[in-house]
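Engineer: how would this look folded up:
(2 chains)
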Amino acid sequence: MFKKKECVAMLLAGGQGSRLYVLTSRLAKPAVSFGGKYRIIDFPLSNCVNSGIDTVGVLTQYQPLLLNDYIGNGLPWDLDRTFGGVKILPPYQGRDGADWYRGTANAIYQNMQFIDRYDPDYVIVLSGDHIYKMDYSAMLAFHKRRGADCTIAVIDVPLEEASRFGIMSTRDDGSIWKFSEKPKNPDSTKASMGIYIFNKKKLFSYLEADEKDPQSSNDFGKNVIPAMLAAGEKMFAYPFVGYWKDVGTIASLWEANMDMLGEHPELQLNDDKWRIYSRHEACAPHFIGKEGMVSNSSVTEGCEIYGEVRGSVLGPGVRVMPGARVIDSVIMSDVTVCEGAEIRYSIIDSEVTVGKNARVGADRGDGVGIAVIGAGVRVADNEQIAPGAMLDPD
Amino acid sequence: MTAAGLIFSNIHDESLPELTRLRTMASVPFGGRYRLIDFALSNMVNSGISKIGIITHYNYQSLLDHIGTGKDWDLARRSGGIKILPPFITAYDAKGPGSLYTTRLEAMLGVMNFITRSTEDVLVLSDCDTICNIDIHDVISRHEETGADLTVVTKKIDNCGTLSSRHSVVTVDENDRLIDIAGYTPDMTGEVEVFTNIMVINRRYLVGVLMDAAAHGYSSFFKDILSRDIGKANYRAYRFDGFYSIISSLPGYFDCSMKLLDNDVRHALFGVEDRPIYTKVRNSAPTAYRNGSTVKNSIIADGCVIEGEVENCVLFRGVRIGRGSKVTNSILMQDTCVGQNVTLNCVVTDKNAVIRDERMLSGHSSMPFFIGKGLMV
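Structural biologist: Residues are numbered from 1 along each chain as shown, chains lettered A, B, ... in the order given. Here you go, the predicted model:
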């Protein structure tokens, strides 16, 4: 059976996400819960399916158990295919020895055989730590139209923030003439979104060259892209307009969740034309009790609300008991907030119990940090958790 | 004992004409995100049954759409899984070629192939008008222990004022033997035991009686077979003591939906450990509550956007409630859109209904105001 795929996606999902601290102590960053019923990886996976890309290699390394389980055979994303579909690609032992993925470029290098099975003309490289809805097929059409060797998706960022990103300087036709990683004095506001489309042959030759260079840290941003640029390959910046957020820190994860709220949410997930798919358990619809009060919040299946919820995003199976209050917070799955407890400006990971009359965090304000409670923690009755505190399950 | 399932999707359609005009009883929406067949399917799947035939008759497009390949119930299998059994005109058909079956017995004669080619010891038969979460595995175990040919699942009802002629009432002796089964009549009073439309039957025994029925031209499973054999064969009753409801009219549907607002009822249906109720996954976003929304004592599915006031309601997936609107004691099905400053009380809307700004509609719990599929008010 010989078939061919025009474009294969390689999704880098091995990152530890150390700046998410306790939230990633037992799982990889792409598996972190987001927006109630999703995990971060649902966004690139759903984007692939919605863009007509049905072959996705997911490169895992750090704490892959939950991620493997979550992706499974790919059924929730319609990626359970006879030829193609989603495949988990952990580092493996080869003839010449075994190696961890040493960098983003090395991870793809080690899986060139996987890519070749589908004989694609193009390879799209994605990362598993952004929240966005994007049509990759439009980017691929742009790549083909320009006859590019490599196309990098960019988003306009405010000039004062540009020094936090990899910045592309482009000519009028969109071709890239300079790439600077986190420049002190940025001369452009086009930030790389970490989404690359390569012509497969070109990609393979640069990966092989990069692998032979002992000085290289085998990273796309640090090594491969600069090398291609130096060699004068045809490289273009694809301008993306829309919502895009890196959720690599506690603060940005909280913010991105809050972007689902408000009268006109910046992040609109209620979109029949671009659904975000996820794997979830069979739960009943949520229930709001007689004394329940919910406003400006996102609530999903399996929740039972007998208390007050304001400005918050709740995951599946969250119970807010009578007299309890949840304000300006992100609550992940199966959390119980007992009678009289209050949670303010916090992120609570899954399966946490907050005991009766306990206090977690404080009202948002200058100098007030987000309180974070790791998965499975039990906060005792009447316990006080200071704002900005971080509770580890261990 | 190995078991396969057989579900009757159209029987009892006529008891709920408003909601079955365009669909089967099996695909009547219920409880915010379910269809009635989800209970029968999930009960079987949760008891380890992985081969289920669904007998359809007419109007079954919505059912096919709901079931798909069966993967949401983990029934997309190479061997077994879901078998949709559409009408099959057979030589057994007493009314001549071209006519569809009209009774349960004729329906089963039409799927003789499914029954005879199965290798399982017993068949679990279920209709789609029954709402309960039951451990069928336990029924099968009891069936095996008692060496029964047929075990009917029954439920004691202490107030028979809620029953209709569509219910069958059984008489059971002290050893759980079935002595009589008959239609409900209004002269019955006090506590009665009703048949839940769920039964376990030995497959070989069923094949025997079906052959016999075909030979004699019988048409009613209960009147011509069960009643006739009740003294001779080993028929047993299994008393179910959990929450149970049979939908037999629109007010009954309304009443049963409102019972879900009771925590005990809701947990008995959806909160049973290891026995979840599965349904088609729609991947709706979570429900968005806007500033100023007030929701009390209601069941809300995903994908809703709520700006107004909601009390004592069941909202299905994708319902929108505009600002200034007040919706009470109502059931709004999938993608119903309620505009601004609307007042609804005791209203049942079918899918995709639209209620424009400033409208004021009210029914009564004994006769809810019904708005059909896709209609605009």
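Engineer: contacts only, for A:Leu140.
Structural biologist: For A:Leu140, the contacting residues are A:Cys7, A:Ser51, A:Tyr122, A:Ile124, A:Ile197, by C-beta atoms under 8 Å, 6 or more residues apart in numbering or on different chains. In short, each C-beta sits where N, CA and C put it, glycine included.
Engineer: could you point out the helix or strand that follows the longest helix anywhere in chain B?
Structural biologist: Using DSSP state H, we find that the single longest helix of chain B is helix B:203-216. Next helix or strand after helix B:203-216 toward the C-terminus (DSSP states H and E): helix B:227-229.
Engineer: list of residues touching that next one?
Structural biologist: Applying C-beta under 8 Å, 6+ apart, the set of residues contacting helix B:227-229 from outside is B:Asp180, B:Ile181, B:Val209, B:Tyr235.
Engineer: between those residues, which is nearest B:Gly363?
Structural biologist: Relative to B:Gly363, the closest of those is B:Ile181; by C-beta to C-beta it sits at 35.5 Å.
Engineer: thinking again about what came up before, output the contacting helices and strands for the longest helix of chain B.
Structural biologist: helix B:104-110, helix B:112-117, strand B:122-127 (3 or more C-beta pairs under 8 Å, 6 or more residues apart in numbering or on different chains; DSSP states H and E).
Engineer: repeat the analysis, applying 10 Å as the threshold.
Structural biologist: Packing partners of helix B:203-216 (3 or more C-beta pairs under 10 Å, 6 or more residues apart in numbering or on different chains; DSSP states H and E): strand B:3-8, helix B:104-110, helix B:112-117, strand B:122-127, strand B:150-157, helix B:227-229.
Engineer: now these in CSV, with mean neighbour count and mean pLDDT?
Structural biologist: What follows is the helices and strands packed on helix B:203-216, written out as CSV (neighbours: other C-beta atoms under 10 Å in any protein chain shown; pLDDT from 0 to 100):
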stretch, mean neighbour count, mean pLDDT
strand B:3-8, 24, 96
helix B:104-110, 22, 87
helix B:112-117, 14, 93
strand B:122-127, 25, 96
strand B:150-157, 22, 94
helix B:227-229, 15, 87
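Engineer: can you pick the most crowded of the contacts of helix B:227-229?
Structural biologist: In terms of neighbour count, B:Tyr235 stands highest of the contacts of helix B:227-229 at 24 neighbours, by other C-beta atoms under 10 Å in any protein chain shown.
Engineer: distance check, that one against chain A.
Structural biologist: 34 Å (C-beta to the nearest C-beta, to the nearest Å).
Engineer: surely that residue is in contact with B:Thr154?
Structural biologist: No - the criterion here is C-beta atoms under 10 Å, and B:Tyr235 misses it with B:Thr154 at 11.3 Å.
Engineer: how about the helices of the stretch 251-377 of chain B, start to end?
Structural biologist: Assigned by DSSP state H, counting those that start in this stretch, the stretch 251-377 of chain B shows helices spanning B:263-270.
Engineer: correct me, but B:Cys154 touches B:Val194?
Structural biologist: No, residue B:154 isn't Cys; it's Thr. Yes - with contact defined as C-beta under 10 Å, B:Thr154 reaches B:Val194; the gap is 6.5 Å.
Engineer: spit out the residues that contact the two alike.
Structural biologist: Taking C-beta atoms under 10 Å, 6 or more residues apart in numbering or on different chains as the contact rule, the neighbours common to B:Thr154 and B:Val194 are B:Ser168, B:Val169, B:Val170, B:Ile181, B:Tyr244.
Engineer: what about the helices in chain A?
Structural biologist: Under DSSP H, chain A gives helices at A:42-50, A:65-71, A:104-109, A:112-117, A:136-145, A:200-212, A:225-230, A:250-258.
Engineer: with distance to B:Leu64 as added columns, please give those helices in a markdown table.
Structural biologist: Shown next, in a markdown table, are the helices of chain A (distance: least, C-beta to C-beta, whole Å):
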| stretch | distance to B:Leu64 |
| --- | --- |
| helix A:42-50 | 23 |
| helix A:65-71 | 29 |
| helix A:104-109 | 43 |
| helix A:112-117 | 35 |
| helix A:136-145 | 30 |
| helix A:200-212 | 41 |
| helix A:225-230 | 50 |
| helix A:250-258 | 38 |
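Engineer: just send those helices back as TSV, with mean pLDDT and distance to A:Asp334 too.
Structural biologist: Output for the helices of chain A, formatted as TSV (pLDDT from 0 to 100; distance: least, C-beta to C-beta, whole Å):
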stretch	mean pLDDT	distance to A:Asp334
helix A:42-50	97	18
helix A:65-71	92	14
helix A:104-109	94	33
helix A:112-117	95	35
helix A:136-145	97	33
helix A:200-212	96	42
helix A:225-230	95	42
helix A:250-258	96	17
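Engineer: quick one: contacts for residue 338?
Structural biologist: Since you didn't name a chain, this refers to chain A. Listed by C-beta under 10 Å, 6+ apart, the contact set of A:Cys338 reads A:307, A:319-324, A:353-358, A:379, A:381.
Engineer: chain B is the one I meant
Structural biologist: Residues in contact with B:Val338, defined by C-beta under 10 Å, 6+ apart, are B:306-308, B:310, B:315, B:319-322, B:325-327, B:330, B:332, B:344, B:347, B:349, B:353-357, B:359, B:377.
Engineer: no further queries at this time; thank you.
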